[in-house]
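[1] Need a 3D model of the sequence below.
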Amino acid sequence: MAKEPKEPGECRASGRAGLSDVFGAMESMANFHRTRNSDLMKQLTASGMPTQRIGDAFSRQVADTIGLNATLGDALGPLTQRFRQQWRDTFALIDTLKDRIYPENLRDAQPRLKDLEELLVEEGIPLMCVPGPKVVRALLDAPGAAERRRIIGRR
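    I've put the predicted structure just below:
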C-alpha cells in the first residue's frame, strides 16, 4: 500500500500529486497571496509613506506575483499535461468519425448534412455507396435539381 502524504503538498510515494495535493497547494498559495496583499495595503495606507517606498512595495508585490504564477505553473504542470493528452486523443477520435460515419464514396466529397438531406430526402437521389466520389462531388456542386438529374443521366 502506498504511503499517504502527511503534509499538504507532499507527494505520494508514486511521485504523482493527487488532486487533493494540488488543491491544498493552491489554498496555501492563495492564503500567502491574500496575506501579502493585506500587508501591502497596510503599508500603502500608512500616513506619510513616500512615493519611492510605494514604488518599491509595488515592485516587490509584482515580483511575488510572478513567483506565485511560476509556482502555480509548476504545481499544475502534471495535471495540465494529462488533460492535454486526453484532449489530443479525444480530437484524434473525432477526426476519425468521418471515416466511420460516411460510406467510402462520400468521404472525399465531404458533404454537409444540409446538402445530404436535400439530395436524399427532398430529391430522392440515392448517394450511399451508389455513385463514386467524383459523381457525388458533382451532385453536391450542381446548382439545382435539374442539373443533378442531368448529371445522373449522363453518368
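[2] now the helix ranked longest in the chain, how far from the centre of its chain.
    Longest helix of the chain, by residue count under DSSP state H: helix 51-95. What separates the centre of helix 51-95 from the centre of its chain is 16 Å, taken as CA atoms, centre = their mean, to the nearest Å.
[3] give me the low-pLDDT residue ranges for the chain?
    Residue ranges of the chain with pLDDT under 70: 1-23, 43-52.
[4] Quick one: list the elements packing against the longest helix of the chain.
    Applying 3 or more CB pairs under 8 Å, 6 or more residues apart in numbering; DSSP states H and E, one finds that helix 51-95 contacts helix 19-45. C-betas here are computed from N, CA, C, even on glycine.
[5] the inter-axis angle of the helix it packs on versus helix 51-95?
    Counting by axes from the mean of the first three to the mean of the last three CA atoms, to 10 degrees, helix 19-45 points 150 degrees away from the direction of helix 51-95.
[6] Over to residue 128: give its phi and psi.
    Here is the backbone geometry of residue 128 (degrees, to the nearest 10): phi -70, psi 110.
[7] same thing with the one 4 residues further on?
    With angles defined as degrees, to the nearest 10, residue 132 shows backbone torsions of phi -70, psi 170.
[8] And for it, nearest residue in space, chain neighbours not counted?
    residue 105 (5.6 Å; CB to CB, 6 or more residues apart in numbering).
[9] Which neighbouring elements make contact with the helix or strand that contains that neighbour?
    Using DSSP states H and E, residue 105 maps to helix 104-107. Applying 3+ CB pairs under 8 Å, 6+ apart, we find helix 104-107 packed against helix 133-141.
[10] Tell me the helix or strand right after the helix it packs on.
    Taking DSSP H and E, what comes next after helix 133-141 is helix 145-154.
[11] How far off centre is that next one?
    44 Å.
[12] Same question for that helix: list its buried residues.
    For helix 145-154, burial by neighbour count (16 or more other CB atoms under 10 Å) applies to 148, 151, 152.
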